[in-house]
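Enquirer: one predicted model, sequence on top.
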Amino acid sequence: MKQIVLLVETEVLIKFTTLLQSGIYLEGKQGETIGGLLTALPGFTEEYVNQRVQTIFLNGLPADDLQQRLFGTEAVIALSAAMPGLAGAIFRKDGVHASLRTETAPNLSETNQAAQPMTIRLKLFNMITMERGARILGDGCVIMASALGKFLARRPPLLSTIKTITINGRATDPHTLTSLLQSEKMIQLTVKESHDS
């Protein structure tokens, strides 16, 4: 897997956080709880998860219980801060309008998959990306190469604001980066602030 490091100005870094809506990929453990997975992320303290993360979707269905265990080979988790309106009230974890939902994520029981690896795609939305996205990008995360490719293609001016690009430790240019993103499947991406004066 190629390791890509982008150095950008401080004010530009926040613009990259919306990339996390497409999802980062994590290695999960069979039987791990949603809460345990989240609090292992940089900046996601137990207090932050309990107070700030108001909406959780597991495989497209709302999930209220942070103690819900994850099983299977793949899972998709989406996190959001409080969403506005009735939809936000319905999907808010432990919300008073939760009874209006048609379906919630099932609480799966353990099977004989204990030794199987598990891939979790974690999507971050709205204020969660704004508040924690820069830290996740700065520490490095695994994403689909095509997600970064599409993200930059839709924002041509953003590509020109990148101060330096390195691929596996070697400096390169924007053209080489965009070409690589078309041929790779997954990448390890780090986006950091440039401290050049």
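Expert: All right, it came through fine.

Enquirer: tell me which helix or strand comes right after the helix or strand of the chain with the lowest mean pLDDT.
Expert: When the helices and strands of the chain are scored by mean pLDDT, DSSP states H and E, helix 85-91 comes last with a mean of 45. Moving toward the C-terminus from helix 85-91, the next helix or strand (DSSP states H and E) is strand 118-124.

Enquirer: direction included, what does that following strand pair against?
Expert: strand 24-28 (antiparallel), strand 74-80 (parallel) (DSSP bridges).

Enquirer: pLDDT averaged over it - what is it?
Expert: In this model, strand 118-124 has a mean pLDDT of 97.

Enquirer: what are the buried residues along it?
Expert: Neighbour-count burial for strand 118-124 flags 118, 120-124 (criterion: 16 or more other C-beta atoms under 10 Å). The way it works is simple: take the backbone N, C-alpha and C, and place the C-beta from them, glycine included.

Enquirer: ok, so of these, who is nearest L7?
Expert: L124 (22.1 Å; C-beta to C-beta).

Enquirer: how many residues are close by the closest residue to the closest one other than its chain neighbours?
Expert: In space, and not counting its chain neighbours, L124 is closest to L20: 4.3 Å by C-beta to C-beta, 6 or more residues apart in numbering. L20 has 23 neighbours, counted by other C-beta atoms under 10 Å.

Enquirer: start the count at 36, not 1, going forward
Expert: That works, and once the first residue is 36, the last one we named lands at L55.

Enquirer: just the helices in the chain please.
Expert: Counting by DSSP state H, the chain has helices at residues 45-51, 69-74, 81-87, 120-126, 161-174, 180-188, 191-195, 209-218.

Enquirer: and M221, what does it touch?
Expert: 36, 60, 177-180 (C-beta atoms under 8 Å, 6 or more residues apart in numbering).
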